[in-house]
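**Student:** Below is the structure, and that's it, no one-letter string:
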């Protein structure tokens, strides 16, 4: 079963063609012909905020899924656990992006 987060759907045993070509963790929602990459929402925003990449034309390849807002979680322990999990996922994603960015400079 795929797991959702606020930026898309996490890949769980899906086809590699569906994965973001940068983080390889989330399903690609965007295709950038200039970068020749399929990107999840977060990687698309991160990469295309870099100088010189903001004018790339991208096309949506998957529709984002709506996610139940964290505010609807009743149990405060579940909310704290969800926030910690998201912080950890964000830190891991940032580390993967920095590694990818360093590889691009080589």
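**Tutor:** That came through, no problem. Because the structure is predicted, anything quoted here is derived from the model rather than measured. Residues are numbered from 1 along each chain as shown.
**Student:** Can you read off the pLDDT for residue 34?
**Tutor:** At residue 34, the predicted lDDT confidence score is 93.
**Student:** Report the buried residues of the helix or strand where residue 102 lies.
**Tutor:** In the assignment (DSSP states H and E), residue 102 maps to helix 76-105. Within helix 76-105, the residues scored as buried using 16 or more other Cβ atoms under 10 Å are 89, 93, 96, 97, 100. (Glycine included, C-beta is placed from N, CA and C.)
**Student:** Can you redo those as JSON lines, where the extra columns are distance to residue 28?
**Tutor:** As requested, the buried residues of helix 76-105 are exported to JSON lines (distance: Cβ to Cβ, whole Å):
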{"residue": "89", "distance to residue 28": "17"}
{"residue": "93", "distance to residue 28": "14"}
{"residue": "96", "distance to residue 28": "15"}
{"residue": "97", "distance to residue 28": "15"}
{"residue": "100", "distance to residue 28": "14"}
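**Student:** Ramachandran angles for residue 27?
**Tutor:** Main-chain dihedrals, residue 27, degrees, to the nearest 10: phi -70, psi 140.
**Student:** tell me, how many neighbours does residue 49 end up with?
**Tutor:** Residue 49 has 9 neighbouring residues, counting by other Cβ atoms under 10 Å.
**Student:** for it, helix, strand, or coil?
**Tutor:** Recorded secondary structure, residue 49: coil (DSSP: H, G, I helix; E, B strand; the rest coil).
**Student:** from what I can see residue 27 touches residue 43, true?
**Tutor:** No. Between residue 27 and residue 43 there is no contact under Cβ atoms under 8 Å: 11.2 Å.
**Student:** who's more crowded, the two?
**Tutor:** Shown here are residue 27 and residue 43; by other Cβ under 10 Å, residue 43 has more neighbours (28 against 22).
**Student:** Secondary structure of that one: a helix, I assume?
**Tutor:** Yes. Applying three-state DSSP, one finds residue 43 inside a helix.
**Student:** which residues does it contact?
**Tutor:** Residue 43 makes contact with 20, 22, 23, 26, 97 under the criterion Cβ atoms under 8 Å, 6 or more residues apart in numbering.
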